[in-house]
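Peer 1: quick one: sequence and predicted model below, then my questions.
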Amino acid sequence: MPTQEKVAAVEDLKTRLKGVKAVVLTEYRGLTVQQLSELRKQLRQVSAQYKVVKNRLARLAVASSGLDVLSPHFGGPTGMVVAKDDPVAVAKALQAFAKVNQALTIKAGYMDGQLLEAAGLKALAELPSRDALRSQLVGALQGPLGRLVGLLTAPPRELVYILEQRGRGAAESATPSEET
C-alpha cells in the first residue's frame, strides 16, 4: 500500500513532467554532493531542473505522463533532468559537466516524442548554438543577395563609367594643344 509520501513524490514528478521539451536520465554514482550541487546550478542557468529520483516512483510518473519509453532506463542511481525550454542548451550543459566529471553518465533522453540514447544526446550537444545557426543562415542568405545586387547595379554603373570616359575624351579634344 503506497504511503502518502510516495504518492506525493509521484505527483511532484508528474507535475514536473507536464509540458516538458526534454527529459534526460543520468547516473550520478560517484559524484559528491558538491558536484551534484554544481550540476544543478549549471542546469538552472539553462532553465532545467535536476532531481534524484526513486526508480519505481519515477516509472509510475512517466507511465502516466506519456513518457513510457523511458521506463527501461530506470535502474541504479538515477537523476532526472527536466527542461521546459531549449533542449540543446540542456544537452550542452550536461555534456560539458560530464567532460569534467566522468562519474556522471547519461543514460537516455526524451525530446519531441523520441527516445534518444546517450550518443544521440551527445550529437545534439555538438550542434552549434541557436545564435550561431542564425548567423550562419543570415550569411548563407546574404551572399547570394549581395551578388544579385551587384549584378543588378552593374549595367547602370557601366553606363556611367562609359559616359565619364566619353566626357573626358571630349574634354581633352576640346582643349587647345600647346604644341604650336
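Peer 2: Done, it's in.

Peer 1: pull the longest helix from the chain.
Peer 2: Ranked by residue count under DSSP state H, the longest helix found in the chain is helix 130-174.

Peer 1: which element is residue 2 on?
Peer 2: Secondary-structure element containing residue 2, defined by DSSP states H and E: none, the residue being outside all helices and strands.

Peer 1: neighbours around it, how many?
Peer 2: Under the neighbour criterion other CB atoms under 10 Å, residue 2 is assigned a count of 11. Yep, even glycine has a C-beta here, placed from its N, CA and C like the rest.

Peer 1: cool, residue 46 as well?
Peer 2: Applying other CB under 10 Å, we find 18 residues neighbouring residue 46.

Peer 1: picking that back up, let me see the mean pLDDT of the longest helix of the chain.
Peer 2: When pLDDT is averaged over helix 130-174, the result is 78.

Peer 1: please identify the buried residues of the helix or strand hosting residue 15?
Peer 2: Secondary structure here is read from DSSP H and E; on that basis residue 15 sits in helix 4-17. By neighbour count, and taking 16 or more other CB atoms under 10 Å as the criterion, the buried residues in helix 4-17 are 9-10, 13, 16-17.

Peer 1: what does stretch 81-91 give?
Peer 2: Taking 16+ other CB under 10 Å as the basis for neighbour counts, the residues of stretch 81-91 that come out buried are 81-84, 86-91.

Peer 1: report the rounded mean pLDDT for it.
Peer 2: The predicted model assigns stretch 81-91 a mean pLDDT of 87.

Peer 1: now it - C-alpha only, CSV.
Peer 2: Taking only C-alpha atoms (Å, rounded to 0.1, in the frame of the first residue of the first chain), the coordinates of stretch 81-91 have been written out as CSV:
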residue,chain,number,x,y,z
VAL,A,81,16.8,16.4,-15.8
VAL,A,82,13.6,18.1,-16.8
ALA,A,83,13.7,21.0,-19.3
LYS,A,84,10.8,23.1,-20.4
ASP,A,85,12.9,25.4,-22.7
ASP,A,86,15.8,24.8,-25.0
PRO,A,87,16.8,21.0,-25.1
VAL,A,88,20.0,21.7,-27.0
ALA,A,89,21.2,24.0,-24.2
VAL,A,90,20.5,21.3,-21.7
ALA,A,91,22.4,18.7,-23.7
